[in-house]
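In: Got a sequence here, can you build the structure:
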Amino acid sequence: MTSEFASLGDGIGSSRNTSSSRSSNDHRLYPSLFPSDDETEDDNTSEFSADSEARATPPLVRLKNPLFPKKEYVDKLRPEEIRWFYKQEGDKEWTPFIGYDSLRIECRYRALQTVEDEQEIDNDVILVRGGLYQVDVAKRRCTPVYWSGDLSDITQGLWFYEYNGQPLEDNFGVPIETEHVAKFLGHKIEEEHPSPQRSRPVLHRIKFTDFYIEWNSPNDTYLYSEAASSRFVRGFKKKLGMQKAGTRLLRGYKYEAVMDDKPADISHLVFVIHGIGQKMETGNIVKRAKELREKVSQMKAKHFCLIENTSQRAEFLPVEWRSSLKLDGDMVDLITPHKMRGMRSLLNNSAMDILYYTSPLYRSEITHSLQNELNRLFEMFCARNPYFQVNGGKVSIVAHSLGAVISYDIITGWNPIQLYDQFVNSVIEGEQQDSDSSEIKEEIHEARQKATAVESILKDVQEKHKQKCGPTLSFTIENMFCLGSPLAVFLALRGFRPQGKGTLDHIMPSSLCKRLFNIYHPYDPVAYRLEPLILKHYSTIMPLPIHRFDIKQKEPYNQMKTKAYAAFKPSAEKITDKGDPVEGADNTDSSPQHSRDSSPSRNQGFSVFKWLKGKESEDMSAELKMLEKMEEDVQEIEKSIKERKEVLQEIDQTDLEYRIDYQLREASFSNSYISMLTSHTSYWTDRDVAFFVLSHIHPELQDL
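Out: Here you go, the predicted structure:
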């Protein structure tokens with residue numbers, strides 16, 4: 001029922017104030033503009049109570065008739081009986097606005113009809129469809145607020161086809177309604193009966209170019225097409241003595257519009273950031289964000305229907321950072337060879353974004369583009385939803401592919417200048433330690449001073465740029481969801497190494513982002529793991545599997561046990577290439593090769609030095625001294641190995657502060673090569689991902 005009459009994200013099924021009381025005059029919406037002709041002053045309290053109870057029920061499970069006392073005479077349509085619709089280019093059917101949106105649009109429409117000067121009307125923008133779109137009633141247009149394109153036409157639904165509930169467009173509906181009111185206003189409405197249509201006379205007729213309308217009674221109206229095929233069928237049936245075939249029309253929408261039919265206030269704002277390839281299809285991230293929004297709405301309606309009436313709602317806004325960039329202009333296209341032009345253009349429009357971002361010339365342009373777009377969208381959102389910050393609204397980021405790397409750099413403020421400074425200082429310090437000449441030391445000191453001066457200049461330039469552009473982000477991040485992200489490999493190439501502490505402070509401080517999630521498909525060639533960058537031994541531990549959305553009993557992720565890969569499960573002692581023992585290695589190997597390679601002094605406690613020292617031979621004094629030194633060296637090496645083994649054991653016993661890597665489950669019958677090609681772009685429509693994001697945006701859902 002919901003998918004038939006309302007689009008997801010429009011607020012159908014969202015929270016409503018069903019317990020709010022109404023005064024005796026509140027049942028007339030917009031009383032000054034829309035007085036109801038059939039209302040009388042002697043309405044009793046019992047009738048109003050029944051009316052209020054009907055209004056409080058969900059709009060999609062109640063019909064129009066029970067809401068008000070059934071009309072006995074033809075009257076003008078009230079605003080509640082009229083429903084406005086929208087239709088995007090390419091859509092075949094009209095989609096109804098929710099009751100809250102439709103009533104406000106109807107209010108503006110009637111205000112435009114009653115005044116001559118439009119400047120006298122409050123021209124505040126009418127936000128509709130969950131606040132993502134705005135309506136211009138005069139132009140009959142619905143446009144998006146936060147992105148471009150995606151335009152829709154709107155129409156006023158007065159008359160509807162009985163068989164599918166679709167409205168006649170207002171250029172037909174308004175003349176039909178005018179004729180109906182002029183002809184039948186005040187006439188008694190007859191009870192519906194199944195008498196054949198041919199037995200009833202035609203009371204009124206109105207003709208249009210492609211069809212005509214006939215009234216057999218005030219509530220019995222039919223549309224007849226003037227197409228040649230329709231006329232032929234009607235003539236053939238008439239010869240056979242069959243009744244005249246037409247399409248019955250209904251007056252007024254089947255569901256009453258009420259102000260309580262509105263979405264809950266937004267408590268969580270989610271920015272959806274694209275990765276590479278946006279240049280190939282401008283606006284693609286808008287479609288991806290819509291797909292994710294719809295999947296999340298489906299998961300909430302299906303699995304958490306009992307909490308639909310809460311005051312929490314998450315909204316997803318697409319962030320497009322690539323289309324406004326100039327970068328090198330068309331220079332790359334100019335130097336592209338003509339052979340295999342299509343494939344080369346595909347690479348230029350997709351993978352080239354990675355090269356642009358690693359280039360010192362264009363990296364800052366890319367980061368500033370995304371940073372400015374995030375701040376712009378947040379300011380626009382807060383201006384249209386002033387309650388958001390007052391009520392403690394939270395902000396999260398869902399970033400795909402390269403978008404996760406750029407978002408990370410913006411949040412943490414990472415800059416290549418820092419890496420360059422560290423490299424120069426390490427080189428200077430190494431040269432200073434290796435040099436003994438005073439002249440060389442003096443030259444190194446001068447080089448250090450010059451490097452410091454250059455560093456200060458670069459920092460000044462950076463600070464001036466920060467002051468010019470303002471703060472990095474004008475909001476704090478609650479969660480960051482990385483989808484198919486190469487962030488880990490970027491960090492590894494920047495010199496990030498495991499610290500052995502189990503916290504993310506050296507990668508993503510909790511003061512900048514409370515939770516970091518790395519979601520990836522096992523066959524995604526672009527995705528990498530983040531946990532081994534924090535604790536090295538987590539390379540042997542499997543990432544947490546993401547639950548399937550349709551599993552009833554889902555174990556909380558914070559209670560799931562860690563599992564090692566099969567190759568690391570046997571507890572066998574292994575020696576690394578540096579001679580360091582690894583915990584869990586097998587020390588019971590009794591092969592001949594093992595016996596030959598083992599030192600007798602370790603296995604049997606035998607000391608060559610003690611054996612030789614016991615012999616009274618003055619000729620071996622020099623050899624004894626040498627063996628004594630070798631014995632001491634062996635003991636030091638053994639001690640060092642033992643200490644390092646204890647350190648490794650201590651690290652291996654350290655756990656992460658919280659798990660970061662989450663892996664999607666493989667399909668039962670999937671080809672690895674096909675999955676490798678499709679997995680990187682499959683996150684947006686994956687219901688498991690949608691359920692995961694929903695349950696972590698609203699953590700309280702995990703306990704249900």
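In: so what's residue 518 up against?
Out: Residues near residue 518 by Cβ atoms under 8 Å, 6 or more residues apart in numbering: 482, 485, 487, 488, 527, 529, 530, 531, 660, 661, 662. (Each C-beta comes from the backbone N, C-alpha and C, glycine too.)
In: can we see that at 6 Å?
Out: 482, 530, 660, 661 (Cβ atoms under 6 Å, 6 or more residues apart in numbering).
In: Cross-check the contact I'm expecting between the third one and residue 532.
Out: Right, the one you point to is residue 660. No - applying Cβ atoms under 6 Å, one finds residue 660 not in contact with residue 532, separated by 10.2 Å.
In: Give me the buried entries from the contacts of residue 518.
Out: Burial by neighbour count, judged by 16 or more other Cβ atoms under 10 Å, picks out 482, 530, 660, 661 from the contacts of residue 518.
In: Just those: which are in strands?
Out: 482, 661 (DSSP state E).
In: Can you pick out the most distant pair from the buried ones among the contacts of residue 518?
Out: 482 and 661 (9.8 Å; Cβ to Cβ).
In: on that earlier part again, export the contacts of residue 518 to CSV and tack on distance to residue 515 and pLDDT?
Out: Converted to CSV, those look like this (distance: Cβ to Cβ, whole Å; pLDDT from 0 to 100):
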residue, distance to residue 515, pLDDT
482, 11, 98
530, 12, 95
660, 9, 95
661, 13, 97
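In: If we only consider those, which is nearest to residue 502?
Out: Nearest member of these to residue 502, counting by Cβ to Cβ, is residue 660, at 11.3 Å.
In: For that closest one, grab phi and psi.
Out: Backbone torsions of residue 660, given as degrees, to the nearest 10, read phi -120, psi -40.
In: Within the helices and strands, which one has residue 201?
Out: Assigned by DSSP states H and E, residue 201 belongs to neither a helix nor a strand.
In: can you tell me which residues contact it?
Out: Going by Cβ under 6 Å, 6+ apart, the list of residues near residue 201 is empty.
In: what does the one 10 residues further on give?
Out: Contacts were defined as Cβ under 6 Å, 6+ apart; by that measure residue 211 touches 223, 225, 226.
In: State the number of residues packed around the last one.
Out: Here the number of neighbours of residue 226 (other Cβ atoms under 10 Å) works out to 12.
In: Other residues contacting stretch 476-492?
Out: Stretch 476-492 has contacts (Cβ under 6 Å, 6+ apart) with 394, 396-401, 404-405, 408, 513-520, 524, 526-530, 533, 680, 683.
In: Mind listing what's buried along that stretch?
Out: Buried-residue list, stretch 476-492, by 16+ other Cβ under 10 Å: 477-488, 490-491.
In: can you dump the C-alpha coordinates of it into PDB?
Out: Only the C-alpha atoms of stretch 476-492 are listed here, as PDB (Å, rounded to 0.1, in the frame of the first residue of the first chain):
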ATOM      1  CA  THR A 476      31.600  17.500  14.200                       C
ATOM      2  CA  ILE A 477      31.500  14.000  12.800                       C
ATOM      3  CA  GLU A 478      29.600  11.300  14.700                       C
ATOM      4  CA  ASN A 479      30.300   8.300  12.400                       C
ATOM      5  CA  MET A 480      32.300   7.800   9.200                       C
ATOM      6  CA  PHE A 481      31.300   4.900   7.000                       C
ATOM      7  CA  CYS A 482      33.900   4.000   4.400                       C
ATOM      8  CA  LEU A 483      32.500   1.900   1.600                       C
ATOM      9  CA  GLY A 484      35.100   0.100  -0.600                       C
ATOM     10  CA  SER A 485      37.800   2.500   0.500                       C
ATOM     11  CA  PRO A 486      41.500   2.400  -0.200                       C
ATOM     12  CA  LEU A 487      42.200   4.600   2.800                       C
ATOM     13  CA  ALA A 488      44.300   2.000   4.500                       C
ATOM     14  CA  VAL A 489      46.800   1.800   1.600                       C
ATOM     15  CA  PHE A 490      47.100   5.600   1.500                       C
ATOM     16  CA  LEU A 491      47.900   5.700   5.200                       C
ATOM     17  CA  ALA A 492      50.400   2.900   4.800                       C
END
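In: quick revisit: need the buried ones from the contacts of stretch 476-492 selected in ChimeraX.
Out: The ChimeraX command for the buried members of these (criterion: 16+ other Cβ under 10 Å) is given here:
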select :394,396,397,398,399,400,401,404,405,408,513,515,516,517,518,519,520,524,526,527,528,529,530,533,680,683
